[in-house]
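Chemist: Next input, structure requested:
(chains A, B, C and D)
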There are 2 protein chains.
Amino acid sequence: MSQSAIPLDAETKAVEMPEDHRDELRLWLRLLTCTTMIEGEVRRRLRERFDVTLPRFDLMAQLDKAPEGMTLSDLSKRMMVSNGNLTGLVERLAASGHLDRRTSESDRRAQVISLTPLGRAEFRAMAAAHEHWIANLFGDLTRREQEDLMRLLAKTKMSARRALGGENA
Amino acid sequence: MSQSAIPLDAETKAVEMPEDHRDELRLWLRLLTCTTMIEGEVRRRLRERFDVTLPRFDLMAQLDKAPEGMTLSDLSKRMMVSNGNLTGLVERLAASGHLDRRTSESDRRAQVISLTPLGRAEFRAMAAAHEHWIANLFGDLTRREQEDLMRLLAKTKMSARRALGGENA
DNA sequence: AGACGATATTTGAAGCTTAAAATAACTTGG
DNA sequence: CCAAGTTATTTTAAGCTTCAAATATCGTCT
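Modeler: From the prediction side, this is the model:
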């Protein structure tokens, strides 16, 4: 049962030794660091220059892409946040006159949320600045590097999605 | 002044047209999606299998790497969260017997936080599972792809860090 | 020593977030 | 039709998070 003071050869290792996944861990931590840095900076600038929170901006961004409006459930799936979360977020943005909520005609359970003209106008102004910030934050990557990164992240996304289904010890 | 029904050649375009940064935006959204998916899954599994929150796990992970302990300020910088945030987090983990806090001998303002034996033992168990989850989530990437992604993220991190300093419209 | 500026932490207010339970409305199979 | 199951949303409780203001301590300059 000895787990070996004696070093094992590579093949044996692959089968018998607990695998070392420190590289994947490092990769994950780096991914997380990049996202956290950028997200934090965007959050800070949105607050400073537009006095808006990032969640509100994200919500308005989704609605800007759907002129006809979206239900809370749709928003919840798109934004990957809980339903309950959206209830409060929508509530506050509706109170400030940025959002409109009406009951769906085909389904009286569902609320259809959309941007008001005010909400749309404010969002467009913020979005323009936001786009520049992002371009600047990624500015040191060449076009080629951006494409490579895009492709690798697409693969990462698929890998993660695959892992979400299959159970794992 | 016509913004052109006539297509401009590449060089003129670069100088005269408002630049289009939609590609960078897409890159950022994809980065964010990957992180959110993975983070959400890790959060869910930590709760399910260990009844622990992700912030607590992250805090313990930092402390596990510093056997001698760390101050709140150090933790705050490492974890990229606010000081006030850590106060509560540490408070709760200390209450459950996972953390030790003692006043620094050299600086009576500073609290030195460290894992208790219980905290360390529980963390090590969680960390082992966590490492497997991460390896599995990134499992579809070849070694080569992992290396490329690592390198591109390193460059992204440097780019973002550079942009954090320089002001930007 | 005393005052000033910097650093470490805590507190308070507001808002975000989740999971789980509750409510309401829809849909489907008898 | 109606009961059972599903789906859309809200509510609740707990915890996370930030920013800004308040405390406390440190280090230094005079």
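Chemist: Does the helix ranked longest in chain A reach DNA strand C?
Modeler: In chain A, ranked by residue count with DSSP state H as the criterion, the top helix is helix A:22-50. No - for helix A:22-50 and DNA strand C, the contact criterion (C-beta under 7 Å from any atom of the strand) is not met; the two come no nearer than 9.6 Å. Using the backbone N, CA and C atoms, a C-beta is placed for each residue, glycine as well.
Chemist: quick check: angle from that helix to helix B:22-45?
Modeler: Between the direction of helix A:22-50 and that of helix B:22-45, the angle (axes from the mean of the first three to the mean of the last three C-alpha atoms, to 10 degrees) works out to 120 degrees.
Chemist: Need the contact partners of the helix or strand following helix A:22-50.
Modeler: As assigned by DSSP states H and E, the chain's next helix or strand after helix A:22-50 is helix A:54-64. By C-beta atoms under 8 Å, 6 or more residues apart in numbering or on different chains, the surrounding residues in contact with helix A:54-64 are A:39, A:42-43, A:46, A:69-70, A:75, A:78-79, A:81, A:86, A:89-90, A:92-93, A:98-99, A:113-115, A:119-120, A:122-124, A:126-127, A:130.
Chemist: Weed out the non-buried ones from the residues you listed.
Modeler: A:39, A:42, A:46, A:69-70, A:75, A:79, A:81, A:86, A:89-90, A:93, A:98-99, A:113-115, A:119-120, A:122-123, A:126, A:130 (16 or more other C-beta atoms under 10 Å in any protein chain shown).
Chemist: List, out of those residues, those positioned next to DNA strand D.
Modeler: Restricting those to those adjacent to DNA strand D (criterion: C-beta under 7 Å from any atom of the strand) gives A:86, A:90.
Chemist: A strand includes A:Ala66, no?
Modeler: No - looking at A:Ala66 with DSSP: H, G, I helix; E, B strand; the rest coil, it is coil, so not inside a strand.
Chemist: Return the backbone torsion pair for it.
Modeler: Per-residue torsions, A:Ala66: phi -130, psi 80 (degrees, to the nearest 10).
Chemist: Please list all residues in contact with the closest residue to it other than its chain neighbours.
Modeler: Using C-beta to C-beta, 6 or more residues apart in numbering or on different chains and skipping the chain neighbours, the partner closest in space to A:Ala66 is A:Ser114 (7.5 Å). The contact partners of A:Ser114, by C-beta under 8 Å, 6+ apart, come to A:63, A:66-70, A:99-100.
Chemist: Any residue of the longest helix of chain A touching chain B?
Modeler: Yes - under the criterion of C-beta under 8 Å from any C-beta of the partner chain, helix A:22-50 makes contact with chain B via A:22-28, A:30-41.
Chemist: List buried members of those by neighbour count.
Modeler: When neighbours are counted using 16+ other C-beta under 10 Å, those contain these buried positions: A:24-25, A:27-28, A:30-39, A:41.
Chemist: DNA strand C contacts on chain A?
Modeler: Residues of chain A lying near DNA strand C (C-beta under 7 Å from any atom of the strand): A:53-56, A:80-85, A:88-89, A:92, A:107-109.
Chemist: farthest pair in those residues?
Modeler: Across the residues of chain A next to DNA strand C, no pair lies farther apart than A:Leu54 and A:Arg108, at 32.3 Å, counting by C-beta to C-beta.
Chemist: Pull out the buried residues from stretch A:61-78.
Modeler: Counting neighbours by 16+ other C-beta under 10 Å, stretch A:61-78 gives A:61, A:63, A:69-72, A:74-76 as buried.
Chemist: Same check on stretch A:127-134?
Modeler: Going by neighbour count (16+ other C-beta under 10 Å), the buried part of stretch A:127-134 is A:130-131, A:133-134.
Chemist: ok, residues contacting the one helix or strand A:Leu75 maps to?
Modeler: Here A:Leu75 is covered by helix A:72-79, with elements defined by DSSP H and E. The set of residues that contact helix A:72-79 without belonging to it, under C-beta under 8 Å, 6+ apart, is A:58-59, A:62-63, A:66, A:70, A:82-83, A:85-87, A:90, A:110-111, A:113.
Chemist: Which of the residues you listed lies at the shortest distance from chain B?
Modeler: Using C-beta to the nearest C-beta, A:Asp58 is the member of those that sits closest to chain B, with 9.3 Å.
Chemist: Tell me, how many residues neighbour the closest one?
Modeler: Residue crowding around A:Asp58 was assessed by other C-beta atoms under 10 Å in any protein chain shown; the count is 17.
Chemist: one step back: ok, so of the buried ones among the residues of helix A:22-50 next to chain B, who is nearest A:Thr156?
Modeler: Distance to A:Thr156, by C-beta to C-beta, is smallest for A:Leu31 among these, at 7.9 Å.
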